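Trainee: Below is the sequence, then the predicted model.
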Amino acid sequence: MLWRSAIAAAGFAAAVVGGAFSPAHAQSAREAEIVGFHQLCEKGNRRACVHFGILIGENRALHAEWRRLHPGWWWWER
């Protein structure tokens, strides 16, 4: 299934990024995971869209930074 490959890719990205799990590395791994789900969502994967929304909702403290870096993630607010 496509969502399994997305999770595997996100896990791989987390493993590559997260050699030493400092908060900065953990944040980068989470952002890599979100980017992966966003890309799958754009391709029509509904489960990826749900996971993308959940991950964005869980990280409200980083919304301002993500809005600046990834304005396309908030397409519904334009």
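Mentor: Okay, I see it.

Trainee: ranges for the helices of this structure?
Mentor: In the chain, the helices defined using DSSP state H lie at 2-17, 23-42, 46-58, 63-69.

Trainee: Mean pLDDT lowest where, among these?
Mentor: The weakest mean pLDDT among these belongs to helix 2-17, with a mean of 54.

Trainee: In stretch 35-49, which residues are buried?
Mentor: 36-38, 40-41, 45, 47-48 (16 or more other Cβ atoms under 10 Å). All C-beta atoms are positioned from the backbone trio N, CA, C, and that covers glycine.

Trainee: Start and end of it, how far apart?
Mentor: 11 Å (Cα to Cα, to the nearest Å).

Trainee: tell me the pLDDT at the closest residue to V35 other than its chain neighbours?
Mentor: Leaving out its chain neighbours, the residue that sits closest to V35 by Cβ to Cβ, 6 or more residues apart in numbering is H70, at 7.8 Å. For H70, the model assigns a pLDDT of 82.

Trainee: Distance-wise, check A64 relative to P71.
Mentor: Separation of A64 from P71 (Cβ to Cβ, to the nearest Å): 12 Å.

Trainee: Now for E33, how many residues are close by?
Mentor: 21 (other Cβ atoms under 10 Å).

Trainee: what does L69 give?
Mentor: 10.

Trainee: can I get the buried residues of stretch 35-49 in JSON lines with distance to L55?
Mentor: JSON lines is the format used below for the buried residues of stretch 35-49 (distance: Cβ to Cβ, whole Å):
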{"residue": "G36", "distance to L55": "10"}
{"residue": "F37", "distance to L55": "7"}
{"residue": "H38", "distance to L55": "9"}
{"residue": "L40", "distance to L55": "12"}
{"residue": "C41", "distance to L55": "11"}
{"residue": "N45", "distance to L55": "14"}
{"residue": "R47", "distance to L55": "13"}
{"residue": "A48", "distance to L55": "10"}
